[in-house]
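Peer 1: could you work out the structure for the sequence below:
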Amino acid sequence: MNVKKTFVIILLFLLLFSTVTFVSADDDRSYLIDQAIIDLTVENNGLLHVEEQYDYSFDGAFNGVYRDIPLKSGESIDNIEIYTDGAYAEYEVSDDDGYKHLKIYLYSDEAHTKGIKDCDVTVTIMYDMKGVVTLFNDVGGLQYKLWGEEWDVPVNNLQSTIHLPGDSGNEYYLNPQDYNDTSSLKGDTITTESSYIPKGEYYEVLVLMPVDDFTNAPNAKHVNQDGRDMIMKNLEDSINGRNFWNNTYLVLGLLSILSPIGAIYTYLRYGREPKVNYEGIYERDLPTNDPPEVVNAFIENKMSIGKPNMKGFEASIMNLIEKKALKLNVQEDIDTETKDLILTFNSNEGLSESEKIIFDTLQHFATNNILNLSTLNGQLSSEINGKWFMEKVGDWEDSVENQMDVSRYFEDKGTTIINIIGALGIIFGIAITVLGFITELRNGFYCMIAGVILAIFSVALMMTPADIFGRWTEEGRVYYLKWENLKKFLKDNSLIKEHPPESIVVWKKYLIYGAALGVADKVYESMKLQVPNISDYDDDIFMYHYYGGYGMMNTAFATGASSANPSDSGGFGSGGGGSGGGGGGAF
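Peer 2: You can find the predicted model right below:
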């Protein structure tokens with residue numbers, strides 16, 4: 001068993017058999033949120049003003065608190081203000097993977113040299129949100145989480161006030177109703193109070209307002225469709241679904257052991273690699289004559305061996321440039337002082353089926369047989385173009401797979417079995433976790449822990465590389481090791497320095513296959529060090545790399561994928577689908 005496999009297997013089983021003691025490990029400090037007061041104001045221009053007040057009670061020494069606010073596509077936060085009572089403070093604001101992250105440092109002295117300890121602190125956060133209020137043709141809507149499921153601790157009391165732009169025709173719904181102690185709507189003001197919301201749960205309000213209460217509303221999201229019936233159906237489905245799970249009781253705890261048993265058997269039966277007669281440390285030359293997209297599918301996509309990814313797509317473009325099927329030029333815009341990459345399409349004769357798909361796909365977006373790569377991202381921002389492009393990418397992936405004999409190199413039976421075990425484990429783990437939340441029996445906590453561990457273990461199973469539970473054939477193992485050793489060679493500048501290529505032609509091959517293996521940047525860095533006067537080489541391959549062809553295609557690919565799967569308002573009203581929410585904690 002190689003080191004990688006040993007590490008992954010040990011990690012999986014350490015995760016599985018982690019004890020409850022670890023989950024509930026003692027700490028010499030703790031904190032509570034005694035009360036949260038949320039005040040929302042919906043302006044008639046669609047802006048949502050938010051004021052949050054959190055009353056913290058700290059036992060032990062702390063450095064501060066943080067607040068993570070998730071932002072959906074099209075939403076933004078401005079005008080953040082933070083105030084504290086009971087401690088001195090300074091704060092940082094950052095954007096992190098779809099969240100607005102607020103980190104608030106708390107001090108017991110005015111000089112900001114000492115942290116806080118054993119005290120009560122009130123933190124007030126104020127900000128404006130755009131793109132949260134949604135205006136349909138027949139109704140205005142606000143779906144907002146007053147409390148998010150990502151908080152580290154529960155809240156002992158939650159009070160909220162929502163101010164609306166009009167004082168008639170308003171409706172509101174609270175979900176889940178379990179946490180609603182009192183609530184009322186008087187004119188243009190909604191008030192709610194909840195005595196306790198546990199950690200890991202959300203509590204949201206859905207407000208329907210007359211469209212006429214809004215004027216122009218540039219800060220709202222506008223959806224050109226009727227929304228009331230859709231919203232009410234989603235809300236009803238959410239409530240019915242929760243009631244169904246609240247009334248479901250299944251004894252599933254013991255089933256959690258089937259997943260690790262199945263994983264152990266699968267590895268022993270299908271995952272152990274064959275011994276091969278190859279002990280190479282690195283490869284300097286291309287191990288085979290396979291095109292770069294095939295190498296990419298075998299070597300780079302660890303999660304699905306035999307399926308190429310975007311790195312293979314880009315490597316194939318570079319290979320088409322090298323084959324002269326495409327001609328690359330750099331065009332300078334004097335006004336903007338920018339340089340664009342211009343592709344000219346020659347001929348697709350003699351190309352493989354997968355290469356023809358790439359050629360024809362890019363040519364589809366060309367004008368007079370010329371494509372400015374800088375404009376491709378804009379063209380793919382439309383849903384029609386995005387869907388067409390992604391369909392062609394799918395055709396290309398299928399074409400690459402069809403020209404490969406994957407079974408000759410890799411046996412994926414074990415991987416298939418593990419994916420089934422993982423998928424079933426996730427389903428069962430979620431069911432067991434839900435059971436632990438809703439049951440009043442004494443074993444509910446242990447059932448919940450079993451479900452969480454099973455779900456995490458199952459996700460980890462499905463995220464393992466395909467060759468952990470699947471295995472290479474003897475021929476495939478040698479193939480894999482040789483290409484991995486070439487990748488090692490391309491990544492290590494010291495190795496290239498000892499054994500530099502004899503010609504620019506080889507450097508170009510290194511760049512193309514480096515792109516397929518995900519190390520093109522390393523190759524280019526080595527080339528700059530090893531090749532004198534690299535700027536004198538006016539070659540299409542080098543220009544594609546130097547002027548950011550990778551970045552342009554990556555951006556275009558991401559835009560196409562996003563446009564092909566637009567996030568619309570079809571889920572408005574569904575439970576847990578509201579804006580805001582998120583969570584926070586202390587550090």
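Peer 1: give me the number of residues near residue 175?
Peer 2: Residue 175 has 24 neighbours, counted by other Cβ atoms under 10 Å. Any C-beta I mention is one placed from the backbone N, CA and C, and that applies to glycine too.
Peer 1: again with residue 351
Peer 2: There are 18 residues near residue 351, going by other Cβ under 10 Å.
Peer 1: how much space between it and residue 322?
Peer 2: Taking Cβ to Cβ, to the nearest Å as the criterion, residue 351 is separated from residue 322 by 12 Å.
Peer 1: please apply the same query to residue 525.
Peer 2: Applying Cβ to Cβ, the value for residue 525 to residue 322 is 20 Å.
Peer 1: which one's more surrounded, those two?
Peer 2: Neighbour totals were compared for residue 525 and residue 322, and residue 322 leads with 19 against 14 (other Cβ under 10 Å).
Peer 1: quick one, what contacts that one?
Peer 2: By Cβ atoms under 8 Å, 6 or more residues apart in numbering, the contact list for residue 322 reads 508, 512, 540-541.
Peer 1: for the nearest residue to residue 295 once chain neighbours are set aside, what are its contacts?
Peer 2: By the measure of Cβ to Cβ, 6 or more residues apart in numbering, the closest residue to residue 295 outside its immediate chain neighbours is residue 516, 5.1 Å from it. The contact partners of residue 516, by Cβ under 8 Å, 6+ apart, come to 292-293, 295-296, 299-300, 311-312, 315.
Peer 1: go through these and flag which are in helices.
Peer 2: Among these, the members falling in helices (DSSP state H) are 292-293, 295, 311-312, 315.
Peer 1: quick one: which of those is nearest to residue 131?
Peer 2: Taking Cβ to Cβ as the measure, residue 131 sits nearest to residue 311 out of the ones in helices among the contacts of residue 516, at 33.5 Å.
Peer 1: any idea of the pLDDT on the closest one?
Peer 2: Note on residue 311: pLDDT of 89.
Peer 1: just checking, it touches residue 295?
Peer 2: No - the pair residue 311 and residue 295 fails to qualify as a contact (Cβ atoms under 8 Å) at a distance of 10.1 Å.
Peer 1: intersection of neighbour lists for these two?
Peer 2: Taking Cβ under 8 Å, 6+ apart as the contact criterion, the common neighbours of residue 311 and residue 295 are 516-517.
Peer 1: any weak-confidence spans in the stretch 1-150 of the chain?
Peer 2: Scanning the stretch 1-150 of the chain for pLDDT under 70 picks out the ranges 1-27.
Peer 1: against residue 465, how distant is residue 280?
Peer 2: The value you get for residue 280 to residue 465, if Cβ to Cβ is used, is 21 Å.
Peer 1: who has more neighbours out of these two?
Peer 2: The neighbour count for residue 280 versus residue 465, taken as other Cβ under 10 Å, is higher for residue 465 (16 against 13).
Peer 1: what's the weakest-modelled helix or strand in the chain?
Peer 2: Comparing helices and strands within the chain by mean pLDDT, DSSP states H and E singles out helix 20-23 as the least confident, with a mean of 39.
Peer 1: quick check: what element follows that one along the chain?
Peer 2: Taking DSSP states H and E as the definition, the helix or strand that follows helix 20-23 towards the C-terminus is strand 30-42.
Peer 1: for that next one, the distance to its chain's centre please.
Peer 2: Offset of strand 30-42 from its chain centre (Cα atoms, centre = their mean, to the nearest Å): 28 Å.
Peer 1: end to end, how far does stretch 311-331 reach?
Peer 2: Distances were taken as Cα to Cα, to the nearest Å; on that basis the terminal residues of stretch 311-331 are 25 Å apart.
Peer 1: just stretch 66-75 next, same as before
Peer 2: Distance between the boundary residues of stretch 66-75 (Cα to Cα) amounts to 20 Å.
Peer 1: mind listing what's buried in it?
Peer 2: Of the residues in stretch 66-75, those buried under the neighbour-count criterion (16 or more other Cβ atoms under 10 Å) are 66-71, 75.
Peer 1: sorry, back to before: from the contacts of residue 322, pick the one nearest residue 200.
Peer 2: Distance ranking of the contacts of residue 322 against residue 200, using Cβ to Cβ, places residue 512 first at 48.8 Å.
Peer 1: do you know how far the closest one is from residue 403?
Peer 2: In this structure, residue 512 and residue 403 are 18 Å apart, going by Cβ to Cβ.
Peer 1: kindly report the same for residue 434.
Peer 2: For residue 434 relative to residue 403 (Cβ to Cβ), the value is 46 Å.
Peer 1: and for residue 181, the neighbour number?
Peer 2: Taking other Cβ under 10 Å as the definition, residue 181 ends up with a neighbour count of 12.
Peer 1: is it true that it touches residue 203?
Peer 2: No - taking contact to mean Cβ under 8 Å, the distance of 11.1 Å between residue 181 and residue 203 leaves them out of contact.
Peer 1: any idea how far residue 483 lies from residue 517?
Peer 2: Relative to residue 517, residue 483 is positioned 7 Å away (criterion: Cβ to Cβ).
Peer 1: actually residue 167, not the one I wrote
Peer 2: Relative to residue 517, and taking Cβ to Cβ, residue 167 is found at 64 Å.
Peer 1: pick out whichever of these two has more residues nearby.
Peer 2: Counting neighbours by other Cβ under 10 Å for residue 167 and for residue 517 shows that residue 517 has the greater number, 26 against 12.
Peer 1: now do the contacts for that one.
Peer 2: With Cβ under 8 Å, 6+ apart as the criterion, the residues that contact residue 517 are 295-296, 299-300, 311, 483, 486-487, 490.
Peer 1: where are the low-confidence patches of this structure?
Peer 2: 1-27, 241-255, 333-338, 438-446, 528-538, 566-577.
Peer 1: walk me through the domains of it.
Peer 2: According to automatic domain parsing, the chain comprises the domains 48-132, 136-247, 253-268+413-469, 278-409+470-564.
Peer 1: among these, which is nearest residue 586?
Peer 2: Comparison of the domains of the chain against residue 586 by Cβ to Cβ identifies domain 48-132 as nearest, at 4.7 Å.
Peer 1: list the buried residues of the helix or strand hosting residue 524.
Peer 2: For residue 524, the host element (DSSP H and E) is helix 520-530. Using 16+ other Cβ under 10 Å as the burial criterion, the residues of helix 520-530 that qualify are 520, 522-524, 526-527.
Peer 1: quick one: which of these is nearest residue 260?
Peer 2: In terms of Cβ to Cβ, no member of these lies closer to residue 260 than residue 522, at 38.4 Å.
Peer 1: for residue 90, grab the count of nearby residues.
Peer 2: Residue 90 has 13 neighbouring residues, counting by other Cβ under 10 Å.
Peer 1: show me what contacts it?
Peer 2: When the contact criterion is Cβ under 8 Å, 6+ apart, the partners of residue 90 are 104-105, 107, 112.
Peer 1: and it, that's in a strand?
Peer 2: Yes - under DSSP: H, G, I helix; E, B strand; the rest coil, residue 90 falls within a strand.
Peer 1: rewinding a little: need the overlap of contacts for residue 483 and residue 517.
Peer 2: 295, 299.
Peer 1: how near is the nearest residue to residue 312 once chain neighbours are set aside to residue 314?
Peer 2: In space, and not counting its chain neighbours, residue 312 is closest to residue 296: 3.1 Å by Cβ to Cβ, 6+ apart. The span separating residue 296 from residue 314 equals 9 Å under the rule Cβ to Cβ.
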